[in-house]
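> prediction below, plus the sequence it came from.
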Number of protein chains: 2
Amino acid sequence: MEVQDKLPAEKLVVFQPSGRRGRFAVGTPLLDAARSLGVYIESVCGGRAMCARCQIEVAEGQFDKHGITSSNDHLSPMGEAERRWKVPGARRMSCQARITGDLVVDVPTEFAVNRQVVRKRAEVRRIALDTATRLVRVELPAAEMERPIGDADRLIEAIEAQAGYRGLVLDVTLLGSVQAVVSGGSLTAAVHEDADRPVIVALWPGERTSVFGLAFDIGSTTIAGHLVDLATGRAVASAGTANPQIRFGEDLMSRVSYVMMHPEGCAALTTAVRGAIATLVTRLAGQAGIAATDILEAVFVGNPVMHHLFLGIDPSALGQAPFALAVSGALRLNARDLGLGLHPGARVYMPPCIAGHVGADAAAVALAEGPQHHDEVTLVIDVGTNAEILLGNRARVLAASSPTGPAFEGAQISSGQRAAPGAIERVRIDPLTFEPRIKVLGVDLWSDEAGFEEAVAATGVTGICGSGIIEAVAEMFLVGIVAADGTIVEVASDRMRASGRVFDFVLWRGEIEIAVTQTDIRAIQLAKGALYAGARLLMDHLGVSEVGRIKLAGAFGSYIDPKYAMVLGMIPDCALDRVSSIGNAAGTGARMALLNRGHRAEMEALVRRVEKIETALEPRFQEHFVSAMALPNAIDPFPHLAAAVVLPVASSAPRERRGGRRRG
Amino acid sequence: MEVQDKLPAEKLVVFQPSGRRGRFAVGTPLLDAARSLGVYIESVCGGRAMCARCQIEVAEGQFDKHGITSSNDHLSPMGEAERRWKVPGARRMSCQARITGDLVVDVPTEFAVNRQVVRKRAEVRRIALDTATRLVRVELPAAEMERPIGDADRLIEAIEAQAGYRGLVLDVTLLGSVQAVVSGGSLTAAVHEDADRPVIVALWPGERTSVFGLAFDIGSTTIAGHLVDLATGRAVASAGTANPQIRFGEDLMSRVSYVMMHPEGCAALTTAVRGAIATLVTRLAGQAGIAATDILEAVFVGNPVMHHLFLGIDPSALGQAPFALAVSGALRLNARDLGLGLHPGARVYMPPCIAGHVGADAAAVALAEGPQHHDEVTLVIDVGTNAEILLGNRARVLAASSPTGPAFEGAQISSGQRAAPGAIERVRIDPLTFEPRIKVLGVDLWSDEAGFEEAVAATGVTGICGSGIIEAVAEMFLVGIVAADGTIVEVASDRMRASGRVFDFVLWRGEIEIAVTQTDIRAIQLAKGALYAGARLLMDHLGVSEVGRIKLAGAFGSYIDPKYAMVLGMIPDCALDRVSSIGNAAGTGARMALLNRGHRAEMEALVRRVEKIETALEPRFQEHFVSAMALPNAIDPFPHLAAAVVLPVASSAPRERRGGRRRG
């Protein structure tokens, strides 16, 4: 490490795209500098050069206005660890690269947060602004000695008179500061209107033009939050993180089991999720250059287990029939009672849960997608460990959940992993040679394109995620490697891996071998059968044999190819152009509830009228489930799919039924 | 210390009157045993044999049913410290006496709490029960799988249906426990009705018949609390303690100054008062054998400075004109926001403050005394550092405060002290010999009665408290030692102590000499002049020249002799049998507000209609003040007093006016 005497001891470092900057001692690792500025760079290994996730790019030649003309000497030379990880091009591992001069650093967005997190982006959507919290400018008349009412009471009178409120009250947390704020005579109050009475929840001397709100989607795998300017409705920052509850159990039911087995389990899971949220709040506020105490409102959605654990409620009852929710109605709470570190007067809105396995996230999805506003029958599916399914139109809306299990999230799959860099997410198989091609998360090239090897070197090919396994199985079915009953058939390919009469199909041979096994296919059949059976049950209840539109929600729904989902028989037959991915609709619904009080009322009214179908109570669900395990399935014809895709000739009903019977 | 081999190693000790009992190792000091059982014995020195306050009595011959026939060997022999303090009769210092055998101990009530505290007793009074928090027994119908609403929602539906509530909500703190409680189907809910909507604040499985409430009077000197069974209205425990804020300043204004001078001063005083309250709550709960979390409601009253500091509000604005309250209206709060350690769902009610120096305590006094219910004009005076004065009848009620200063509390008096054991509280002077007789707090004998010396030995005669100084000055006036203008006149007595032409009068010669000095009399003249001027100002505003009834509230009001107060000219002339002491009326009002929601509304309506008179704004107050410094005073005749007492001939108006001019 060379340090030139003439340079100042501390070096200027600017991180893009946030623009955050600071001066750091020569020798400071870039990762430490980023953290001290609140710039988030992912690091799984904690700076021990063991994950290569913390890569950044040095932006050269961007720095002249700061007086730097050469950029050769701003970082320590590349060392052994970085060479070992084959960090590509202009990139460096920020835990290894140490500051030796002034520089500008680009934090690549795909590394700024874990890829699985980025999927929960704030969808662009127009939401009419009618926030529950409003700013009111107040000019306070001078105090009258003859009328010795308190400053708080005088303030309430003035706001009532000037802004037309009645029955206004002051949040208790403001009692200590009200006198200092009113002393100037001119002030801004934040009035929260979504309560029995309007409540002054925050006060500032002089003028204040913006306050902020949070919309959070607490997923079992990923927690994503958006920070929204309540004055404009604009999302000013978004961030996500893995749900730290994962260490207590990968899927919902294992977390419920953890709680049931450990006396302090519920508290531990609640602390974990609230801690992650508090960290995200700090990061969001940092991104936007505001304080966490500038945040006055928050909306949280999540499935029932996430919803309960966030609130500190033991979810054990959700683990077994009758799957009783502790609370289902919408909740209006003080953020301080949840210890979230927001403004002391901040309020929290939790949308209602629909049923034992259909949570506030499904309510938010329903709000965002509004099936009740259309004549056309819409099927909305949010795939997770439990698929939440909504079906309906203007006349009726039905909801159910299906126990798909975690196979779609990559669990229970031999080479399965969560959607993260290195995971196979796309698969194509040549119908003649049976040679597979893959695409990996974080790399834009297919595996048969030039440069793929180099591009994938940073992460390696580490496993197969949910969308990857769906495409793999569907492609295997389309080219005849998998029969309609799910059996892997031996074909002429060196990709076949035999174990007696049971075969696996190898997708990738690299540092590790990644294959689709017969057991993997059985797991996918169970998951997709459950999903289809749930949707089909709702169709039965609604009395329709086909749906007009299918919307796939959630992280998984965003990445899934509708064609392959239909080839597998995960979703009912539908014109492919009527199947769409709606992204993080739960997050969108949360933002709608944050920005518009009317949407809260709409959601609550909708949830009351939704007909809840408990799949566990319906004998037909089991029947559908068994039949739906075949490929595409043995219940329904797929005319729309057959028009778009050449389905294998052998995928006839008798054969599928045989497959179904085998397992039944 | 003799320990007999045959006795068990641990000895049974029963404390009376509480009946608490426990087994303790031989050698345990009685004070430690008492503390471990929650039996309160005062100890100023903390068990170092330096205060002699921790005296108890051994109750002999009471213990036969426990199998003890002899009581000679149950305590260690009296030691040096106890002999030095001359502990009387059957008493022992509990920090010195160590347990050597089973015994019954009487804790004398005058030592159970500081005497100044005992004065704030719960007055016996019938209050109609209409509590804000009610217990509701609920039988919950079984959950319907077809209607998957949450257990909390189902509970709310059942209580609404069975108890006739509408818009019922569940306190957020119950979300975590609701499922466990409802699982049994039969439960008891506490519903708090004094909110915008009825709120379920507590839940218990099965039947529950009692919950508790607190009524607290936070005085500048003394904090007194009563624990009340909300089902019966009965006070089940009472306790008091010195306000620990005293260490930041003896009187209100010095505490306000402390806050103004110290950045963290407000927080320190808030922490101090809340800590004392939390300790009292623990003691009250211990006395009643309940948990602090069995307490669901609390009412706190106090003067504006105490009120603000309790709420964490900086009282600086109350220290100077315009004496602006931060908040004057009644407050309904969650106890958890104040950190009081009650039930998590407990609610707090703070009555309104009337004006800058007329607090929630005065509102409570007004509620308790109800001058607005009578045709007769009633004057209610609560004497403290600021006297709070109410005057009125059915037609009008007026309120003001008078800056009496702390002289009546024994401050600013050369030998002054707070009302505590050892303080002179009664004085009589022989009109012929000028020989004074005194009575001391904690001793029933007059100083000229046999046995006084022995009785007073435990505490000594340590100073003179407020009621003592009033009697001393009034008696000195009546016998001619003090002229109408307040000058001490030389009389033929060895009690005169001269310093040039200025005289003191010695009341007591013991270990220390206790005298009334000329400066003391000036301080009393200022205090009583202010008090009288305030009352007189309200009489002017009401347009009356005399009052039908005078009620003296508060600790001081309880101990003051109305005759001497009138001789001094502290209170207007009135038939002596129409002057009464009403004890801790603020505490009574607090209990009324605790037990009856209607009383809250009544108090709030009354406070709104009370006409607030700001003495500092009234030129006539200054005039009255100057004239009222003479004895009795130079404003009004005292015909009622003159009929009861032989007033000195020389107490003519000109002489009094001269006294007034001297100080003006």
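Structure's in. What do you need? A quick note: this is a predicted structure, and the numbers were derived from the prediction, not measured.
> run through the stretch 151-300 of chain A and note the low-pLDDT ranges.
Applying pLDDT under 70 to the stretch 151-300 of chain A flags no residue at all.
> can you report how many residues neighbour the closest residue to chain B within the stretch 551-664 of chain A?
Proximity of the stretch 551-664 of chain A to chain B (CB to the nearest CB) peaks at A:Lys612, 5.2 Å away. C-beta coordinates here come from the backbone N, C-alpha and C atoms, glycine included. Per other CB atoms under 10 Å in any protein chain shown, the neighbour tally for A:Lys612 reads 20.
> what of the one 4 residues further on?
Other residues near A:Ala616 number 16, with proximity taken as other CB under 10 Å.
> distance of it relative to B:Glu144?
Computed with CB to CB, to the nearest Å, the distance linking A:Ala616 and B:Glu144 is 14 Å.
> same thing with A:Val489?
Distance, A:Val489 to B:Glu144, by CB to CB: 49 Å.
> list the contacts for the closest residue to the residue of the stretch 551-664 of chain A closest to chain B other than its chain neighbours?
Spatial nearest neighbour of A:Lys612, chain neighbours left out: A:Ala355 (4.2 Å); criterion: CB to CB, 6 or more residues apart in numbering or on different chains. Residues near A:Ala355 by CB atoms under 8 Å, 6 or more residues apart in numbering or on different chains: A:Pro304, A:Phe323, A:Leu325, A:Ser328, A:Ala399, A:Ala400, A:Ser401, A:Lys612, A:Glu614, B:Pro148.
> ramachandran coordinates for the residue of the stretch 551-664 of chain A closest to chain B?
phi -90, psi 120 (degrees, to the nearest 10).
> what bridges to it?
Following DSSP bridges, A:Lys612 is listed with bridge partners A:Ala399.
> so what's it up against?
Taking CB under 8 Å, 6+ apart as the contact definition, A:Lys612 lies against A:Ile354, A:Ala355, A:Val358, A:Leu398, A:Ala399, A:Ala400, B:Glu146, B:Arg147, B:Pro148.
> could you dump those residues to TSV with distance to B:Arg591 and pLDDT?
Below are the contacts of A:Lys612 laid out as TSV (distance: CB to CB, whole Å; pLDDT from 0 to 100):
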residue	distance to B:Arg591	pLDDT
A:Ile354	47	94
A:Ala355	48	90
A:Val358	50	92
A:Leu398	56	96
A:Ala399	52	95
A:Ala400	56	94
B:Glu146	49	72
B:Arg147	45	79
B:Pro148	46	80
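> quick check: the most far-flung residue of chain A relative to its centre vs A:Glu611, distance?
Relative to the centre of chain A, the most outlying C-alpha is that of A:Glu146, 58.4 Å out, by CA atoms, centre = their mean. Here A:Glu146 is placed at a distance of 63 Å from A:Glu611 (CB to CB).
> so for the helix or strand harbouring A:Ile470, mean pLDDT?
Here A:Ile470, judged by DSSP states H and E, is contained in helix A:466-478. For helix A:466-478, the mean per-residue pLDDT is 93.
> by contact count, what packs against that helix?
Counting contacts by 3 or more CB pairs under 8 Å, 6 or more residues apart in numbering or on different chains; DSSP states H and E, helix A:466-478 packs against strand A:423-429, strand A:436-440, strand A:502-509, strand A:513-516, helix A:518-542, helix A:554-559, helix A:562-568.
> can you name the next helix or strand after it?
By DSSP H and E, the next helix or strand past helix A:466-478 is strand A:496-499.
> okay, now the sheet partners of that next one, with direction.
When DSSP bridges is applied, strand A:496-499 pairs with strand A:502-509 (antiparallel).
> who wins for proximity to A:Met261 among the helices and strands packed on helix A:466-478?
Minimum separation from A:Met261 across the helices and strands packed on helix A:466-478 (CB to CB) falls at helix A:518-542, 24.7 Å.
> and the closest one, what's buried?
The neighbour-count check on helix A:518-542 (16 or more other CB atoms under 10 Å in any protein chain shown) flags A:518, A:520-542 as buried.
> any idea which element the residue farthest from the centre of chain A lies in?
Using DSSP H and E, A:Glu146 falls outside every helix and strand.
> now swap in A:Ala224 and tell me
Short version: A:Ala224 belongs to strand A:222-229, going by DSSP H and E.
> what sits against the closest residue in space to A:Asp102 that isn't next to it in sequence?
Of all residues not flanking A:Asp102 in the chain, A:Leu12 sits nearest, at 4.3 Å (CB to CB, 6+ apart). A:Leu12 makes contact with A:Arg21, A:Gly22, A:Arg23, A:His66, A:Asp102, A:Leu103, according to CB under 8 Å, 6+ apart.
> give me phi/psi at A:Leu12?
phi -80, psi 130.
> surely A:Leu542 is in contact with A:Arg396?
Yes. Contact status for A:Leu542 versus A:Arg396: in contact at 6.3 Å, counting by CB atoms under 8 Å.
> helices and strands of chain A: which one bottoms out on pLDDT?
helix A:115-118 (a mean of 31; mean pLDDT, DSSP states H and E).
> okay, now A:Pro77: neighbour count?
11.
> doesn't it belong to a helix?
No. A:Pro77 is assigned coil when assessed by DSSP: H, G, I helix; E, B strand; the rest coil, not a helix.
> tell me the pLDDT of it.
For A:Pro77, pLDDT reads 84.
> local confidence estimate at the residue of the stretch 1-150 of chain A found nearest chain B?
For the stretch 1-150 of chain A and chain B, the shortest gap (CB to the nearest CB) falls at A:Gly150, measuring 3.4 Å. On pLDDT, A:Gly150 comes in at 92.
> could you do A:Leu7 as well?
For A:Leu7, pLDDT reads 45.
> domain assignment for chain A?
Per the record, chain A has its domains at A:10-112, A:114-350, A:362-406+A:523-663, A:411-469+A:485-512, by automatic domain parsing.
> remind me which residues of chain A are low pLDDT?
A:1-8, A:17-20, A:35-36, A:38-40, A:42-48, A:50-53, A:59-73, A:88-89, A:108-126, A:649-664.
> let's see 50
A:1-7, A:44, A:61-71, A:110-123, A:651-664 (pLDDT under 50).
> which parts of the stretch 1-150 of chain A sit against chain B?
Within the stretch 1-150 of chain A, the residues that sit near chain B (CB under 8 Å from any CB of the partner chain) are A:Ala143, A:Met145, A:Glu146, A:Arg147, A:Pro148, A:Ile149, A:Gly150.
> so what's the closest residue to the last one other than its chain neighbours up against?
Nearest non-adjacent residue to A:Gly150, counting by CB to CB, 6+ apart: B:Ser328, 3.4 Å away. For B:Ser328, the contact set (CB under 8 Å, 6+ apart) comprises A:Pro148, A:Ile149, A:Gly150, A:Ala152, A:Asp153, B:Pro352, B:Cys353, B:Ile354, B:Ala355.
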